[in-house]
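Enquirer: here is the input, now give the coordinates:
(chains A and B)
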Amino acid sequence: QKEVEQNSGPLSVPEGAIASLNCTYSDRVSQSFFWYRQYSGKSPELIMSIYSNGDKEDGRFTAQLNKASQYVSLLIRDSQPSDSATYLCAVKLARNTDKLIFGTGTRLQVFP
Amino acid sequence: NAGVTQTPKFQVLKTGQSMTLQCAQDMNHNSMYWYRQDPGMGLRLIYYSASEGTTDKGEVPNGYNVSRLNKREFSLRLESAAPSQTSVYFCASSFSTGQGTETQYFGPGTRLLVL
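Expert: Numbering: from 1, shown residues only, chains lettered A, B, ... in the order given. From the prediction side, this is the model:
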């Protein structure tokens, strides 16, 4: 079993809709969770980080964490064509110090 | 403030050739990382360095060596390139506090093709 799993997509949503991106992880003691956005041919950039159970909102983005279910999600409200990118989930495992484990990413397509 | 810079941006090698990928950061970060990204595989950690003078293996270290020259620079060396090392290589850095809240900042990447 992969340590961090994401559906590769593509996830296609119409402009203005809510895009829901999901990520599961295997290590119960994982403590920190990150969502990165990567445009084609570019480097990853951090969108959200979350460390506690519940929701964390930042503009149109909401990260949701459920440690009991080992599940973290990213909601993008009012999706725009400019949100079309690959979204990478990353998990910091408690047994490591600084290392992140990345999922393979979900490709999001927002069509007008 | 350039953030994380990488050189070269693109490189073509023949099997068996060697090369060094350079990475530098100007954010006074203590931790630096080298990843490779392949289609369908996501980002995989090759090596990382928690501080100047220390390095540690990641998930896929075979065929690579690293050197943390100083706090700013972290280089990745391929001693004898193989076609399996064709990939996009990203360097990243972070300021580690031990609290688990560190953000990793990525360089623009180096696209390597080994023939």
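Enquirer: show me what contacts the spatially most central residue of chain B?
Expert: For chain B, the residue nearest the mean C-alpha position is B:Trp34 (2.5 Å; CA atoms, centre = their mean). Applying CB atoms under 8 Å, 6 or more residues apart in numbering or on different chains to B:Trp34 gives the contacts B:21, B:23, B:45-48, B:58, B:64, B:66, B:74, B:76, B:89-91. To be clear about C-beta, it is placed using only N, CA and C from the backbone, and glycine gets the same treatment.
Enquirer: redo that, cut-off 6 Å
Expert: B:Ile46, B:Tyr47, B:Leu76, B:Cys91 (CB atoms under 6 Å, 6 or more residues apart in numbering or on different chains).
Enquirer: which one of those is nearest A:Ser43?
Expert: The nearest member of the contacts of B:Trp34 to A:Ser43, counting by CB to CB, is B:Cys91 at 9.3 Å.
Enquirer: tell me how far the spatially closest residue to the closest one that is not a sequence neighbour lies from B:Tyr48.
Expert: Distances taken as CB to CB, 6 or more residues apart in numbering or on different chains place B:Cys23 nearest to B:Cys91, at 3.4 Å, with adjacent residues excluded. Using CB to CB, to the nearest Å, B:Cys23 is found at 12 Å from B:Tyr48.
Enquirer: re earlier: adding secondary structure, write the contacts of B:Trp34 out as CSV.
Expert: Listed next are the contacts of B:Trp34 as CSV, based on DSSP: H, G, I helix; E, B strand; the rest coil:
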residue, secondary structure
B:Ile46, strand
B:Tyr47, strand
B:Leu76, strand
B:Cys91, strand
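Enquirer: tell me which parts of chain B are close to chain A?
Expert: Applying CB under 6 Å from any CB of the partner chain, we find that chain B lies next to chain A at B:Ser31, B:Gly42, B:Leu43, B:Ala50, B:Phe90, B:Ser96, B:Gly100, B:Thr103, B:Phe106, B:Pro108, B:Gly109.
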